[in-house]
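>>> Provide a 3D model corresponding to the input given below.
(chains A and B)
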Amino acid sequence: MSKEPVKAREVSPEIRIGNFQEVVKGYSEEEALLEASRCLQCKNPLCSAGCPVGIDIKKFIYQIKQKDYQAAYLTIKEKSNFPSICGRVCPAEYQCRKACILTKKGSVFASEQAINIHFLERFAGDYARDNQINTKVENKKELSKFKVAVVGSGPAGLCCAGELARKGVKVDIFESLHKTGGVLRYGIPPFRLPADVLDFEINYLKKLGVNFITNFLVGKAKTIEELFAQGYAKIFLGLGAGVPSFLGVKGENLCNIYSVNEFLTRVNLMSAYKFPEFHTPVNIGRNVLIVGGGNTAMDSARVALRLQKINGLPLNTTVVYRRTEIEMPARRLEIEHARQEGIKFEFLVQPKEFIGDDQGFVKSLACLRSKLGEPDSSGRRRPVIIEGSEFQIDCDLCVIAVGLKANQILINATPELKTNQYSDVIVDSETMESSIKGVFAGGDIVGGEGTVIEAMGMAKKAAQTIINQLLKKESSNA
Amino acid sequence: MKIINKKTINQVGGVKITQLDIFSPDIAAKALPGQFIMLMVSENGERIPLTLVNTDKEKGIVSLIFQEAGFTTKSLGKLNPGDCLYSLVGPLGHPTEIKKFGKVILVGGGVGIAEILPIARALKQAGNQITTILGSRSKDLLILETELKSASDEIYIMTDDGSYGKKGFTTDMLKVLLAKDKYDLVYAVGPIPMMKRIVSVSKEFNVKTLVSLNALMVDATGMCGCCRVTVFDKVKFSCVDGPDFDGFGVDWEELEKRNKVYTVQEKHICNLFPKS
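As a prediction, the model looks like this:
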């Protein structure tokens, strides 16, 4: 009980900002055992209730303690398909760790004392990866005659495909980009999620027989109807939320003002940080501003800082957020990482207008100071602008990271597909079936900007319904 | 994604315009006039948009015509029949609105001439009377004259140096035509300065004018906003809201500046790999 939490090893800030390699190194076996031994093994554990997919956390930590790492991995796999990925990107401090009994009551996020469940999950996931362990394949013969189309190869699509393929269903995944992984590839930078971790999971799906069709935009190259006509029994839509929001202020189309998706896609997917070896360019700012307070804001700030470092520029990247640190939706771990690396923060600042030079490039941001007022619908205190507080910040490159909305191409091409006021696909929350029979959806296209683990939860549910429906169809045909 | 056929449309001095016919049955089956594709030459390459010039549904072939102007288009021009593109996705964007407008003027400038060919054919088939104005710096840089002649009822050629057709700009001819007769639509594709001038002329005569914009793009599926343009004071994405827009509303100055964001890198990479 008196034991101190075991910190995961990290590359020092001075070194890591000079490259795009993974920052958190994870636990060694000894460290994992030490951390696992801190778990109180509560009679009525609270942690699992904090997990969006209800992983039996107490059990897997116990299995780690018993050095049965394979069992620990399989326990996690019962609920989460990609422990190595979730162990890295799950916002544990808002979920399982916050629910842990060691977190102070009433705390907004996990206390430091809470068990580092995510690092233990990652340890189990990486152990399985290193030792080529995976869940048993339970090929059901009666399912092998069915073909399912999965649209989108992000977290939801990969998870759904894996669940189906493991049962013997034939799966084709359609991806519009030239590479698979969706937001895990174009959005999350490699210093948080290295490509080989993602590739391992994708290669495993390939081994299960999942067929990846890249460079294929469903909604344009084929409609839903045409996919059914082609012989797919069911269709799962994991389209994601990729449409960037902007501030809507004057001057926002000036040169060097990027949406967070453009900035991250250029660097992560297109490897613009290796220009000219890779041919996609990205501009590097001397005074970089990132507007927003979420994970994508932290990611783009840390990317911009690395670009400055790699190009020999003085480090000068500032996050501008309209509330205060406590209201930031970003992971606490990533805020800490950003701060360690030298990212500056300006809180209670509301952008008003971008000002450009005569070449059309941004040169400064006019802002207003705010103070916190009453809580809004999100429960967070609303920023209230202070009259007459206008000031300017120098800025030759800005990234707007203020949210992402549902991808629209397939939705617009499919009028029968019912959507809500945010243009998210409406599904039955039990079956994940949409308004079109046989068409299911999950991930950000259903819930708006969510987490990998939430997407996985939905995809698993959809896969289960698909399997049930296919088995039912098969038995009624027999 | 295999290149079936390659043709040099024109090569004069430093200007080279190339046609590639690419095997892509899925895109060919669906593509409509005015739509475009995104392609990558190699795994290290950038994603660039190119308008589809022709599609052969039966053979499953799509055709692209491009000027070997920048690093990526030059690399693309190095490919030969039998080579494969690294990536090709489409068809993208909204097709051009094809219906009976009545009397239509099509204006093509430079390599933009290639992009009006499918529009000319489709609009003609829809029963429109087609008047085409082609603009080129000189006679030997002019492309697709024969093809456009057969797709048009009338055709006018304008060259900057007067070496062919009439000396002058496409706008000069547009002015003459619009002053003489009533037209229902102007459709223009070409360099931004040309489209900008076309719109200022057609606006005088209040003739609806569509333009196909060539903004920079990355994913081209509405996810990055690199291609955002301001049209009638509203922000639009060229890739999913366009590429055709009402020319009267386009903020040309903004588009022109945004398209020059990477000129430094473009120069650098071209100097670095002069032969690639």
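>>> A:Ser144: neighbour count?
13 (other C-beta atoms under 10 Å in any protein chain shown). C-beta here means a position set from N, CA and C on the backbone, and glycine is covered the same way.
>>> give me the element the nearest residue to it once chain neighbours are set aside is part of.
Leaving out its chain neighbours, the residue that sits closest to A:Ser144 by C-beta to C-beta, 6 or more residues apart in numbering or on different chains is A:Gly168, at 4.6 Å. In the assignment (DSSP states H and E), A:Gly168 maps to no helix and no strand.
>>> wait, isn't A:Cys42 in contact with A:Ile115?
No: using C-beta atoms under 8 Å, A:Cys42 makes no contact with A:Ile115, being 10.3 Å away.
>>> out of these two, which sits in the more crowded spot?
Set A:Cys42 next to A:Ile115 and count neighbours by other C-beta under 10 Å: A:Ile115 wins out with 26 against 13.
>>> I figured the more buried one hits A:Leu102, correct?
Yes: counting by C-beta under 8 Å, A:Ile115 does reach A:Leu102; the two are 6.4 Å apart.
>>> Quick one: residues contacting A:Arg185.
Residues in contact with A:Arg185 (C-beta atoms under 8 Å, 6 or more residues apart in numbering or on different chains) are A:Leu177, A:Lys179, A:Ala195, A:Leu198, A:Asn268, A:Leu269.
>>> number of nearby residues for A:Ile386?
A count of nearby residues for A:Ile386, using other C-beta under 10 Å, gives 13.
>>> pLDDT value on the spatially closest residue to it that is not a sequence neighbour, please?
Leaving aside its sequence neighbours, A:Ile386 sits nearest to A:Arg369 (C-beta to C-beta, 6+ apart; 4.8 Å). On pLDDT, A:Arg369 comes in at 96.
>>> Any buried residues in the helix or strand hosting A:Arg369, and which?
Element membership of A:Arg369 [criterion: DSSP H and E] is strand A:362-375. For strand A:362-375, a neighbour-count test (16 or more other C-beta atoms under 10 Å in any protein chain shown) marks A:Val362, A:Lys363, A:Ser364, A:Leu365, A:Ala366, A:Cys367, A:Leu368, A:Arg369, A:Ser370, A:Leu372 as buried.
>>> cool, and stretch A:427-436?
Within stretch A:427-436, judged by 16+ other C-beta under 10 Å, the buried ones are A:Val427, A:Met432, A:Glu433, A:Ser434, A:Ile436.
>>> tell me the contacts of the second one?
Listed by C-beta under 8 Å, 6+ apart, the contact set of A:Met432 reads A:Phe440, A:Ala441, A:Gly442, A:Val446, A:Met458, A:Ala459, A:Lys461, A:Ala462, A:Thr465.
>>> Report the contact partners of the residue nearest to A:Ile386.
A:Leu348, A:Val349, A:Gln350, A:Ile385, A:Ile386, A:Ser389, A:Phe391.
>>> Just the buried subset of these, written out for ChimeraX, thanks.
Paste this into ChimeraX to select the buried members of these, with burial taken from 16+ other C-beta under 10 Å:
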select /A:348,349,350,385
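>>> So which of the contacts of A:Arg369 sit within strands?
Judged by DSSP state E, these include A:Val349, A:Gln350, A:Ile385, A:Phe391 as members of strands.
>>> From start to finish, how long is stretch B:213-232 in a straight line?
One end of stretch B:213-232 to the other measures 15 Å (C-alpha to C-alpha, to the nearest Å).
>>> quick one: is it near chain A?
Yes: Stretch B:213-232 lies within reach of chain A by C-beta under 8 Å from any C-beta of the partner chain, at B:Val218, B:Asp219, B:Thr221, B:Gly222, B:Met223, B:Cys224, B:Gly225, B:Cys226, B:Arg228, B:Val229, B:Thr230.
>>> what would those residues look like in a markdown table with pLDDT and neighbour count?
A markdown table is the format used below for the residues of stretch B:213-232 next to chain A (pLDDT from 0 to 100; neighbours: other C-beta atoms under 10 Å in any protein chain shown):
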| residue | pLDDT | neighbour count |
| --- | --- | --- |
| B:Val218 | 97 | 28 |
| B:Asp219 | 96 | 25 |
| B:Thr221 | 96 | 24 |
| B:Gly222 | 96 | 21 |
| B:Met223 | 95 | 29 |
| B:Cys224 | 95 | 28 |
| B:Gly225 | 96 | 25 |
| B:Cys226 | 97 | 23 |
| B:Arg228 | 96 | 24 |
| B:Val229 | 97 | 23 |
| B:Thr230 | 97 | 18 |
